[in-house]
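J.: one predicted model, sequence on top.
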Amino acid sequence: MAENTLTIILVDPQLGRNIGAVARVMLNFGITRLRLVNPRDGWPNPEAIAPAAGADKVLEAVQVFSSTLTAIGDLNRVFATSARPYDMIKSIYSPSAALECLVSTARQGQKVGVLFGSERSGLQSEDIALCEALIKIPTNPEFSSLNLAHAVALVVYEWSLQITSCPSQVLRVGHTHFATREDIGNFFSHLESELDRTGFLRHKKKRPTMVRNIRNIFQRAHLTEQEVRTLRGIIRSLVEEV
């Protein structure tokens, strides 16, 4: 069953009451998997209890991580939410299109997640680069910033709509499965270490942007575990030939 396989990840959340409000709206739509990356005031946080309004099932199951990569490491497909433009090539989906993709993936037994940034500054470019695509909620361009719980509500509501509908497209992956974010992260580390060694990333000022751009190329490819193994084999083969 795919109904409760969506994971919500909050990166650098600041206020306990906002985490509680997120927990409440998640349980409204039957979602219980909540992960926090470096919550400012630590966890557990007593300020989350009242706004959660009885969503104890979500609060008690919260997982805390020290980095975004480790928080999404076991997930096969992750989208990020942001209202701000980023200087990188990244697919942008409407909420309905994004959640249709994620539901389709979940129906194949894969793990999916949606990333949300902090209340103050949203997601950083480094977080965005770890995700496959962006979800852009169509808000007033002159007043686009949403309350964190409101943004989560829109996503989980759309999930609930998509989970009850018939999929318009399914990607068959055969006997393999979509690569996890950990698989992708290890591939990036392997590739970037060799690019550093050969001098391709030698310009220190340009390196962060170059790395993000390279990562975004592969994020758009919807790589399977087998494809990641093949790419790493290609890197090893090229290195051995040098």
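T.: Sure thing, it's come through.
J.: could you find the closest non-adjacent residue to N45?
T.: G16 (3.4 Å; Cβ to Cβ, 6 or more residues apart in numbering). From N, CA and C alone the C-beta is placed, and that goes for glycine too.
J.: my read is that that neighbour contacts P46, right?
T.: Yes. At 7.0 Å, G16 and P46 qualify as touching, with contact defined as Cβ atoms under 8 Å.
J.: between those two, who's got more neighbours?
T.: G16 (22 against 9; other Cβ atoms under 10 Å).
J.: let me know the pLDDT of the more buried one.
T.: pLDDT for G16: 97.
J.: wait, a helix at F143?
T.: No. The assignment for F143, made by DSSP: H, G, I helix; E, B strand; the rest coil, is coil rather than a helix.
J.: tell me how many other residues surround it.
T.: Applying other Cβ under 10 Å, I find that F143 has 7 neighbouring residues.
J.: pLDDT score assigned to it?
T.: Looking at F143, its pLDDT is 87.
J.: now it: how far from L15?
T.: According to Cβ to Cβ, to the nearest Å, F143 stands 21 Å off from L15.
J.: before we move on, what about I31?
T.: Distance of I31 to L15, computed by Cβ to Cβ: 20 Å.
J.: of the two, give the one with the bigger neighbour count.
T.: Neighbours were tallied for I31 and for L15 using other Cβ under 10 Å; the higher tally belongs to I31 (24 against 19).
J.: does the more buried one touch V22 like I think?
T.: No. I31 is beyond contact range of V22, at 9.9 Å (criterion: Cβ under 8 Å).
J.: per-domain residue ranges of this structure.
T.: Under automatic domain parsing, the residue ranges defining each domain of the chain are 6-163, 181-241.
J.: and these, which is most packed in?
T.: A comparison of those by mean neighbour count, using mean count of other Cβ atoms under 10 Å, puts domain 6-163 on top with a mean of 19.
J.: show the end-to-end separation of it, please.
T.: Taking Cα to Cα, to the nearest Å as the measure, domain 6-163 stretches 11 Å from start to finish.
J.: the helices in this protein, which residues?
T.: All helices of the chain, identified by DSSP state H, fall at 16-28, 49-52, 56-60, 68-72, 95-106, 125-129, 148-163, 181-198, 207-219, 225-241.
J.: any chance of these in a markdown table, plus distance to T7?
T.: What follows is the helices of the chain, written out as a markdown table (distance: least, Cβ to Cβ, whole Å):
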| stretch | distance to T7 |
| --- | --- |
| helix 16-28 | 10 |
| helix 49-52 | 18 |
| helix 56-60 | 12 |
| helix 68-72 | 8 |
| helix 95-106 | 10 |
| helix 125-129 | 15 |
| helix 148-163 | 11 |
| helix 181-198 | 11 |
| helix 207-219 | 18 |
| helix 225-241 | 19 |
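J.: which one of these lies nearest to D41?
T.: Closest of those to D41 is helix 16-28, at 5.8 Å (criterion: Cβ to Cβ).
J.: what sits up against stretch 49-69?
T.: Outside stretch 49-69, the residues within contact range by Cβ atoms under 8 Å, 6 or more residues apart in numbering are 9, 11, 17-21, 23-24, 26-27, 31-39, 43-44, 48, 71, 115, 126-127, 130, 181-182, 185.
J.: again with stretch 176-184
T.: By Cβ under 8 Å, 6+ apart, the surrounding residues in contact with stretch 176-184 are 69, 72-78, 105, 108-111, 130, 187, 218-219, 222-228.
J.: what about that stretch, start to end distance?
T.: 15 Å.
J.: surely Q124 touches G117?
T.: Yes. Using Cβ under 8 Å, Q124 is in contact with G117, at 7.4 Å.
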